[in-house]
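In: Predicted model, plus sequence, below.
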Amino acid sequence: MRLRLKHFAWSVASAGMVLAVATFVSIKPVKSSLQALRSEAQTLQITDRAGQPLTISYQNRWNVYDNLPLYAIPQFLQEAFIVAEDKRFFRHGGVDWQARGSALVQNWTARHVVRGASTITEQVVRMINPRPRNIWSKWVEGWEAALLEASYAKPDILEFYLNQLPYASNRRGVAQAARFHFNRDLATLNPREMLALAVLARAPSSYDLYKDPKKIDAAIARLAASMAERGVI
């Protein structure tokens, strides 16, 4: 019996060592600043004498044209994204273990994936280091998210996220999405339109505001109700 326990303990220790080494090898921390990442996608741009761009390409990995500082992004829109994507964004260290546990129970009960639990930080990690969507990737992304939060402040992570999250037609970030979907600058959007941007970010291919503008109504109502529960609306 003692020999079996010793063998079991050795197997567990070996498996743990293999997991630790594999995780260490797979982790890709951000080596430069979040803002410096945009230089990877810099392309030739022609401007007029006043510096206004005459050519713009959306075939870039990053949004290099329409980046806004966090203070220029409406507070209501920031709150909408936090409620929609990561309610405990300012309280976790990169991974929301409470949300992960709840999602695991729901997915197990439904016998298929009905809910994810990626934090905003983990989504930023996924933008920087794209991987196949599987359990191993989720494990590594959790570690990378923790490292990212140890190096950057929450406002910096949120600012990068809101400027770089992908939308339809190769648009990235809320400024480009506002112009594409509403043909207006971000600051001119009303609360309902800002809620639409938060909903569209989660499933940009599921809604077409030009072909069927009412399809998104139910999702906007659900998000508004969640914000009302938190006292934001």
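Out: The structure has been received and is ready for your questions.

In: correct me, but residue 78 touches residue 71?
Out: No: using CB atoms under 8 Å, residue 78 is not in contact with residue 71, being 10.1 Å away. The C-beta positions use only the backbone N, C-alpha and C, and glycine is treated the same way.

In: between those two, who's got more neighbours?
Out: Ranked by neighbour count (other CB atoms under 10 Å), residue 78 and residue 71 place residue 78 first, with 19 against 8.

In: average pLDDT for stretch 78-85?
Out: What stretch 78-85 shows for mean pLDDT is 95.

In: where does this protein have its least confident helix or strand?
Out: Between all helices and strands in the chain, the lowest mean by mean pLDDT, DSSP states H and E belongs to helix 2-26, at a mean of 59.

In: Would you mark the buried spots in the next helix or strand after that helix?
Out: Per DSSP states H and E, helix 2-26 leads on to helix 75-85 as the next helix or strand towards the C-terminus. By neighbour count on 16 or more other CB atoms under 10 Å, the buried set for helix 75-85 is 76-85.

In: Also stretch 186-196?
Out: Residues of stretch 186-196 classed as buried: 186, 189, 193-196 (neighbour count, 16+ other CB under 10 Å).

In: what does stretch 135-148 give?
Out: 137-138, 140-148.

In: so where is this protein shaky, pLDDT-wise?
Out: Flagging of the chain using pLDDT under 70 yields the residue ranges 1-27, 31-32, 36, 38-59, 99-116.

In: got a list of what residue 202 touches?
Out: Residue 202 makes contacts with 84-85, as judged by CB atoms under 8 Å, 6 or more residues apart in numbering.

In: Distance-wise, check it relative to residue 118.
Out: Distance from residue 202 to residue 118, counting by CB to CB, to the nearest Å: 11 Å.

In: Overlap of the contact sets of these two?
Out: Jointly contacting residue 202 and residue 118 under the rule CB under 8 Å, 6+ apart are residue 85.

In: From what I see, residue 145 and residue 95 are in contact.
Out: Yes: counting by CB under 8 Å, residue 95 is a contact partner of residue 145 at 5.8 Å.

In: which residues are common contacts for those two?
Out: 119, 121-122.

In: Just send the residues you listed back as CSV, with secondary structure, distance to residue 212 and neighbour count too.
Out: Shown next, in CSV, are the shared contacts of residue 145 and residue 95 (DSSP: H, G, I helix; E, B strand; the rest coil; distance: CB to CB, whole Å; neighbours: other CB atoms under 10 Å):
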residue, secondary structure, distance to residue 212, neighbour count
119, coil, 31, 25
121, helix, 33, 29
122, helix, 31, 22
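
In: I'd like the residues you listed laid out as a markdown table, including distance to residue 167.
Out: As requested, the shared contacts of residue 145 and residue 95 are exported to a markdown table (distance: CB to CB, whole Å):
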| residue | distance to residue 167 |
| --- | --- |
| 119 | 20 |
| 121 | 20 |
| 122 | 19 |
